[in-house]
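Visitor: Output the structure for:
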Amino acid sequence: MARRATPFGMANTPTKNPIAGGFFIAAGMLGGAILGAFNGQPSLYMIIGLGLGCAAALAIWLIDRRRG
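Guide: The predicted structure follows:
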């Protein structure tokens, strides 16, 4: 029995479902801007939210990488 051709000649490998951490970056920026608007410093709080979101995304990436 002939094997089925795969696109571009690639082998069939099991797919891994990575966890997406980009949500935390976007949510951190948006949440920081909203919180900063109430405190009169939207840009500062947006940068802080960006930093916290990037830290969360990095943690998610490291956990996902360790998972295998």
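Visitor: for the residue nearest to G22 when sequence neighbours are not counted, helix, strand, or coil?
Guide: Excluding its sequence neighbours, the residue lying closest to G22 (C-beta to C-beta, 6 or more residues apart in numbering) is A57, at 6.5 Å. For the C-beta atoms, the positions are set from N, CA and C on the backbone; glycine is no exception. Secondary structure state of A57, per DSSP: H, G, I helix; E, B strand; the rest coil, is helix.
Visitor: can you tell me how far A57 sits from A27?
Guide: According to C-beta to C-beta, to the nearest Å, A57 stands 10 Å off from A27.
Visitor: and those two? which has more neighbours close in?
Guide: Counting neighbours by other C-beta atoms under 10 Å for A57 and for A27 shows that A57 has the greater number, 19 against 14.
Visitor: quick one, what contacts the more buried one?
Guide: With contact set as C-beta atoms under 8 Å, 6 or more residues apart in numbering, A57 has these partners: G21, G22, F24, I25.
Visitor: If any of those residues are buried, give me the PyMOL selection for them.
Guide: This is the PyMOL syntax for the buried subset of the contacts of A57, where burial follows 16 or more other C-beta atoms under 10 Å:
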select buried, resi 21+24+25
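Visitor: how about the contacts of A57 in CSV, adding pLDDT, secondary structure and distance to L62?
Guide: Formatted as CSV, the contacts of A57 follow (pLDDT from 0 to 100; DSSP: H, G, I helix; E, B strand; the rest coil; distance: C-beta to C-beta, whole Å):
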residue, pLDDT, secondary structure, distance to L62
G21, 84, coil, 10
G22, 89, helix, 15
F24, 94, helix, 13
I25, 94, helix, 15
